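Asker: Using only what follows, build the 3D model:
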Amino acid sequence: MKTFLLFCLISCFVAETAAQKNADFVVAADGSGDFRTVQQAINAVPDFRKTATVIFIKDGVYKEKLIVAGSKARIKFIGESVENTILTYDDYSAKKNVFGEDMGTSGSSSVYIYGDEFSAENITFQNSSGPVGQAVAVWVAGDKVQFKNCRFLGFQDTLYTYGYKSRQYYKDCYIEGTVDFIFGSSTAVFENCEIFCKKSGYITAASTHDSTKYGYVFLDCRIKGNGSPGSFYLGRPWRPYAKTVFIRCAMDDIVHPVGWNNWGKESNEKTVYYAEYKNTGEGFKPGKRVTWSHQLSDLQVQEYEIVKIFDGWVPDK
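Answerer: Below is the predicted model:
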């Protein structure tokens, strides 16, 4: 057993060293890297660079309001460990800016990603302001954006998938929140993710554009939470043409039996597209779902292959 544990420790050390060694820049709060802050490393990436730039971020809590500009394409964050590499800030919607104005939802984000082909692995993204209303952890407008083994921590409006022409892929991630904590107009796939519902609210608030075929697609995810049974809806439409689909997801009893909410407008029921396919668990009650939602057939679910959802783009697995 001791030999096995030693082997595991050595293997992890070698992998970590390789990731750090192959990085273009290393960020370390203690000064042992190229930069002490993540924003300094982002700023050092040449504008419109045609090849990827890898930024390795050592364990630490980095309290920074980060911006990955549109001219900084193909940046990749690799954290030393997802639990201990934390990018955080504490703005929120009602917080005042320097002019005494409310920051608003968009202004509250801890991280802004405008650059295309951004990716991140082993990173915790956090808005640490607490239950104070809208407080975004990550705001994503770039296209072909990927997150793998990342955590998104917050309460209301944790993850803002902002760009309606943006394609986003989340694999093996943990996302938590209360009200509308995954929201926006992008086309986004969440694969093998844990969706953790805090208290009560709505998991999604899609604002899918009427000309966009796919909105949110959850594949083989786990819907959990600490609220009472039936305390969460799968989604409600921020805009009339919201599209959200849950496929083969395991749902705890925190999911309300009816599944979906029309946000107080019956007219939304005629324009939204909410669907499920072979979900499981105490929260999956297809016979009690709202009549304007759908249960996909085996033929219909074939339209939810990733290459089709992303119109030919295939993310890294």
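
Asker: mind exporting stretch 157-168 as PDB, just the C-alpha atoms?
Answerer: Provided in PDB are the C-alpha atoms of stretch 157-168 (Å, rounded to 0.1, in the frame of the first residue of the first chain):
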ATOM      1  CA  ASP A 157     -26.600  34.300 -11.700                       C
ATOM      2  CA  THR A 158     -23.400  32.300 -11.200                       C
ATOM      3  CA  LEU A 159     -22.600  31.500 -14.800                       C
ATOM      4  CA  TYR A 160     -23.500  34.000 -17.600                       C
ATOM      5  CA  THR A 161     -23.300  32.500 -21.000                       C
ATOM      6  CA  TYR A 162     -23.600  35.900 -22.700                       C
ATOM      7  CA  GLY A 163     -22.900  35.700 -26.400                       C
ATOM      8  CA  TYR A 164     -25.800  34.400 -28.500                       C
ATOM      9  CA  LYS A 165     -23.400  33.300 -31.200                       C
ATOM     10  CA  SER A 166     -21.100  31.800 -28.700                       C
ATOM     11  CA  ARG A 167     -20.500  28.000 -28.400                       C
ATOM     12  CA  GLN A 168     -19.400  26.800 -25.000                       C
END
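
Asker: how does this structure divide up, domain by domain?
Answerer: Domain ranges of the chain: 1-121, 163-317, per automatic domain parsing.

Asker: Please identify which of these is closest to Val138.
Answerer: Nearest to Val138 among those is domain 1-121 (4.8 Å), distances taken as Cβ to Cβ. Any C-beta I mention is one placed from the backbone N, CA and C, and that applies to glycine too.

Asker: circling back: buried deepest among the domains of the chain, which one?
Answerer: When the domains of the chain are scored by mean count of other Cβ atoms under 10 Å, the highest mean neighbour count falls to domain 163-317 (a mean of 19).

Asker: Can you report the mean pLDDT over the residues of that one?
Answerer: Mean pLDDT, domain 163-317: 98.

Asker: just checking, Phe196 touches Ile175?
Answerer: Yes - judged on Cβ atoms under 8 Å, Phe196 makes contact with Ile175 at a distance of 7.1 Å.

Asker: Spit out the contact partners of Asp311.
Answerer: Arg167 (Cβ atoms under 8 Å, 6 or more residues apart in numbering).

Asker: That one and Lys144, how far apart?
Answerer: Note on Asp311: its distance to Lys144, by Cβ to Cβ, to the nearest Å, is 11 Å.

Asker: Give the residues shared as contacts by the two.
Answerer: With Cβ under 8 Å, 6+ apart, Asp311 and Lys144 have common neighbours Arg167.

Asker: CA atoms only for the strand or helix carrying Thr178, dumped as CSV, please.
Answerer: Here Thr178 is covered by strand 174-184, with elements defined by DSSP states H and E. Below are the C-alpha coordinates for strand 174-184, written out as CSV (Å, rounded to 0.1, in the frame of the first residue of the first chain):
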residue,chain,number,x,y,z
TYR,A,174,-19.3,21.6,-10.8
ILE,A,175,-21.7,24.5,-11.0
GLU,A,176,-23.7,25.8,-8.0
GLY,A,177,-26.2,28.5,-7.3
THR,A,178,-29.7,29.6,-6.4
VAL,A,179,-31.9,31.6,-8.8
ASP,A,180,-31.2,31.4,-12.6
PHE,A,181,-27.6,30.4,-11.9
ILE,A,182,-27.0,29.2,-15.5
PHE,A,183,-28.3,31.9,-17.8
GLY,A,184,-27.8,33.7,-21.1
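
Asker: partners of it, with directions?
Answerer: strand 151-153 (parallel), strand 159-161 (parallel), strand 194-206 (parallel) (DSSP bridges).

Asker: Tell me which of these lies nearest to Val307.
Answerer: Across the strands paired with strand 174-184 (criterion: Cβ to Cβ), the nearest stretch is strand 159-161, sitting at 19.5 Å.

Asker: following that closest one, which helix or strand comes up?
Answerer: Counting by DSSP H and E, what follows strand 159-161 is strand 167-171.

Asker: Would you mind pulling up the elements that the strand or helix carrying Ile86 packs against?
Answerer: Assigned by DSSP H and E, Ile86 falls within strand 85-89. Judged by 3 or more Cβ pairs under 8 Å, 6 or more residues apart in numbering; DSSP states H and E, the packing partners of strand 85-89 are strand 60-63, strand 124-127.

Asker: Can you name the next helix or strand after the last one?
Answerer: Moving toward the C-terminus from strand 124-127, the first helix or strand encountered (DSSP H and E) is strand 138-140.

Asker: Can you tell me the strand partners of that next one and which way each runs?
Answerer: Note on strand 138-140: by DSSP bridges, its sheet partners are strand 111-113 (parallel), strand 159-161 (parallel).

Asker: Tell me the helix or strand right after it.
Answerer: Counting by DSSP H and E, what follows strand 138-140 is strand 145-148.
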